[in-house]
Structure formats: structure tokens, C-alpha cells
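[1] Prediction below, plus the sequence it came from.
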Amino acid sequence: MFRLEQKFHHGGMGTLWKVSRADIATPLVMKLPFLLPGEDPLTIVSYETEQMIMPRLSGSHVPGFIAAGDFDGPYVVMELIAGRSLLDRLPELPLPVGEVADLGARIADTLEDIHRQRVIHLDLKPSNIMIREGNGEAVLLDFGLARHLDLPDLPGEELEGPIGTGAYIAPEQLLDIRNDRRSDLFALGVLLYFFATGTRPFGEPRTVGQWRKRLTRAPLPPRRLRPDLPPWFQEIILHCLEVDPRQRYQAASHLAFDLRHPELVRLTARAERTAAGGMFAALSGWLRQAHARVTIAPVPIAVGEAAPIIVAAVDLGEEDAALTQALLATIERLATGEPGARIACVNVLKLPRVALDESEDEEGRNAPPRRAQALGGTAGAAAQSADLSRDRSDRSGCGADRIRPPQPCQASDHGGARVVESAPLYRQRVGQDRRRSAVLCHGGAGIGPRLPCAGATSPPLPSADPSPLRRSRTR
């Protein structure tokens, strides 16, 4: 049981509360997302992504994970970081070169730490970085748009178009590439440029078309804005901001080393660049963009690291034992040949165009999640039929009847299939008649019928500008 003590932030996607629990001495913060009907799907997907990734991260460069709720009581509780956000430093910009280099090195250390844990942040910006009191370590916040290479990429699967913050997003992210750790190094290059000059290298673009300009146009060299910048610092910044990931730093540790040892930085033509380039450079950039899917695509993830999905359509309205057995047998056959397969059961919930609100029963539970709970039972049975389940004696924290799981679910290997126990996937589909919505549940091995997932009621038809679904705030 957590005690709400103080609300200290109210944003567009949720609220933050300082909380406490009798058995935990560490200061805690609770994130309460807005998951009401009609809310931005980005809020829902971000919540699921964060509660899926945070338990698998460790170390002092991320907040310690404590607990998470489900869709009946959504929340995430984590360590409250004592320190200062880089967002608070914006009025002080530009900062001295030595201080920017020191901050950049500490942030690069943090990125190296999470990259070693197979996580890419993909939304690095000042508001998502804290500096701890005492030791001065950088801490990354908000993993709602992040990618864990061993888990489903929910933002990439659920949201169309580029996902990120326009001022910091990497070129490859504009091409829907979300599996390259060098994307975080591009964002760190933007931050170094901004903190050294007081100006963002690509401005504050508001549309995807404006975002895409970075595929063809190089930023103005920072020494044009601040002539006292040493050549080595411009070399580092422009090295991070290369369009092609293969021409950037290849690891955050390399960047951290250069920032701490400027005398060892090898200077190239980047260090002496004085202009963003003329017509020839723009033409070259346009040709590069035309072939971008080939030229800047990073090395793909190995097949063994993929997360294939086996989707089964389930009719919850009729009991048909023969059909159920045939379905389970088919899933078993497919799962045997698909390493790392996840099992997803899908059902269609028909909604009347005009009717009384029947979204809650007498106990206050939503109808779509109840439907999804039944799908969870089918998915659990399918996982057991495919012989992917193991004894649940070590998984007491994975059940839906526990709002605060005492320990996170982990990935496990069974035979030739790798099972990732993830948060339920929330998928929305909008038909032309606006009367149908899909309900999808990830059963996964070992999740079984105790773990329901959320159903989706049809949201309003999207507007002509879908950009709010794929942008977070610039700050």
C-alpha cells in the first residue's frame, strides 16, 4: 500500500506524486498515466512500454523500479531522484565549454550503461535527464518511447510514422528505424550543440516535413554561432550529428572518452567547417535521402533477437471443443518452429453507434478488459499447449490479481523458443463505421489466464494531422 504525499507535476500524459511505503525507506515517486477513453494512444503505449522495460533495468543511471499496476489501477512506482533536471539549466545557456563537455561525458556514460543492457532510449532531451546530488551521475528518465532489443517494440508496432521529439530525433528514426543505439548519440550531439551555443541545430520543427530536413541539410557549424569554441569540440559535435549512423561515434563510451581527452581528438574537415553547405551540399543531401533506406539503415537485429508474434482469432461467443483443440494444435505447431514466439489472441467487440454506456459493470470494471481477460485465458492455455510454460512457483508476482508485483517477470528459455513475458499490448483499430474495436491479448508463456490485458474501445477518427500521436514535447 502506497501513501500519496504530494503531487508535484501535472502534465499532458499523467501526474507525478511523491509517495511512501512503510517497508521502503527510499523516497519514491508514482507516475499515474491518463488512460481514459479517448486519450492519446501514445499515452497508453508509453505506459505499457515503461512498465515493461523499467523492471529489466538496473544500476545508478536509471531510477530504481519498485512496482507497477495494471489497467484497472495503472501506475508505476520508482525511486525519486534527488537532483536537478537539465531542463532547469536552459535559462543559463550557453554554458562554458568545459562544463558542457563534462555533462556530455556523464550522459554518454549513462547511455553506455543502458545500451549494455540492450535498451535504446530514443527520446533523449534535457527534461529526461537528471543529475544526482552528491556524485553528479546522470540519470535517464521516461522510457515510454524506448526500445528493449529483447522485448516487443510497442511504440513501433502501434504508432505510425516517426516517434520522438522533433528537435532531437535522429535521421534513421524518421525512417522508422528504432533498433540503433547510435540514435541516442545523435540526440546527445544535439544536446551538446544546444548547451554550447544556446541554439538547437535543427530549430524546433513542428511537422514531420520539417523533421526530414535533417536528412538533406547539415546544421550550421557551432563555431559560426560561438567563435570561441575549440575545434575539437566542433569536431565531436558534428561527428555525433552525421546523417549516416556509420559515420558517427559507434559507442557512447568512445564519445565519453573524447569529451574527457580533447587533446587526443583526431581533427578532420568537420573541425574547420564554417558553413552548412551550399546548393551542391543540398543536392547531395537530397540524393542521400532518396537512397536513405539503404544508405543509412543500420545493421539489422539478428534473427535470434526478433520477437515473432503468432496471432490467433478466438470466438468467445460459442463453445466449440473441436475448434479449440484444432486452434491449440496449430499454435503448438507454429510455436515449435518459431524461436522467441509470442502468442496473441484477437477478438472483435462490436459496439453500437448509439447506445447506453455499458463500458462498466456493477463492480465498476470495464467491459473490454473483461473480454480481454477471457482472451488471456485462451492465450495461457495456448502457451501451455505449446509446452512453453514452466512451473509458476517462481512467478508469484506475474498474476493480474496482484496489483503490486513483488518481483518483475523475466524472460526465459524453453527448448528452442524464447519466451518474453511482457506487459499486455493495447491495440486500437478504427473502422470506417466506427463501431468495431480490436481486443488483443499477449498470452505468452507462463502468463496464463491470470494476466488480463486491456481492450480498446473505438477512439474518434483521427484528424488530417496525425502528428500528435507521434510527437512528444520539445523540452
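    Looks like it came in fine. All values reported here derive from a predicted model rather than from experimental measurement.
[2] So what's the residue count around R116?
    Neighbour count of R116, defined by other C-beta atoms under 10 Å: 13. The way it works is simple: take the backbone N, C-alpha and C, and place the C-beta from them, glycine included.
[3] quick one: it from H61, how far?
    Between R116 and H61 the distance is 10 Å, computed by C-beta to C-beta, to the nearest Å.
[4] do the same with G166
    Distance from G166 to H61, by C-beta to C-beta: 25 Å.
[5] which of these two has more neighbours?
    Legend: neighbour count by other C-beta under 10 Å for G166 and H61, higher for G166 (23 against 20).
[6] Tell me who's in contact with the spatially closest residue to the more buried one that is not a sequence neighbour.
    Nearest non-adjacent residue to G166, counting by C-beta to C-beta, 6 or more residues apart in numbering: P205, 4.3 Å away. With contacts defined as C-beta atoms under 8 Å, 6 or more residues apart in numbering, P205 is in contact with G166, A167, W211, K213.
[7] ok, now E5?
    So E5 contacts W17, K18, V19, S20 (C-beta under 8 Å, 6+ apart).
[8] tell me which element it is part of?
    strand 3-10 (DSSP states H and E).
[9] In PDB, list the C-alpha atoms belonging to the next helix or strand after that strand.
    Later in the chain than strand 3-10, the nearest helix or strand by DSSP H and E is strand 14-21. C-alpha atoms of strand 14-21 as PDB (Å, rounded to 0.1, in the frame of the first residue of the first chain):
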ATOM      1  CA  GLY A  14      -0.300  12.000 -16.400                       C
ATOM      2  CA  THR A  15       0.600  13.200 -13.000                       C
ATOM      3  CA  LEU A  16       3.600  12.500 -10.700                       C
ATOM      4  CA  TRP A  17       3.100  12.000  -6.900                       C
ATOM      5  CA  LYS A  18       5.600  11.700  -4.100                       C
ATOM      6  CA  VAL A  19       4.700   8.500  -2.300                       C
ATOM      7  CA  SER A  20       5.900   6.400   0.500                       C
ATOM      8  CA  ARG A  21       5.500   2.800   1.800                       C
END
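[10] Report the angle between the next helix or strand after strand 14-21 and strand 3-10.
    For strand 14-21, the succeeding helix or strand toward the C-terminus, using DSSP H and E, is strand 24-33. Per axes from the mean of the first three to the mean of the last three C-alpha atoms, to 10 degrees, the angle that strand 24-33 makes with strand 3-10 is 50 degrees.
[11] between strand 24-33 and strand 14-21, what angle do the directions make?
    Using the same axes, to 10 degrees: strand 24-33 against strand 14-21 is 160 degrees.
[12] Buried ones in strand 24-33, by neighbour count?
    Residues L28, V29, M30, K31, L32, P33 are the ones in strand 24-33 that count as buried (16 or more other C-beta atoms under 10 Å).
[13] got TSV for those, with pLDDT and distance to L141 too?
    TSV is the format used below for these (pLDDT from 0 to 100; distance: C-beta to C-beta, whole Å):
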residue	pLDDT	distance to L141
L28	97	14
V29	96	10
M30	96	14
K31	94	10
L32	93	16
P33	90	14
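[14] Which parts of stretch 77-86 count as buried, going by neighbours?
    Of the residues in stretch 77-86, V77, M78, E79, L80, I81, G83, S85, L86 count as buried by neighbour count, 16+ other C-beta under 10 Å.
[15] what does stretch 211-218 give?
    So, applying 16+ other C-beta under 10 Å, buried residues of stretch 211-218: W211, R212, R214, L215, T216, R217, A218.
[16] what about stretch 321-334, average pLDDT?
    Taken as a whole, stretch 321-334 has an average pLDDT of 81.
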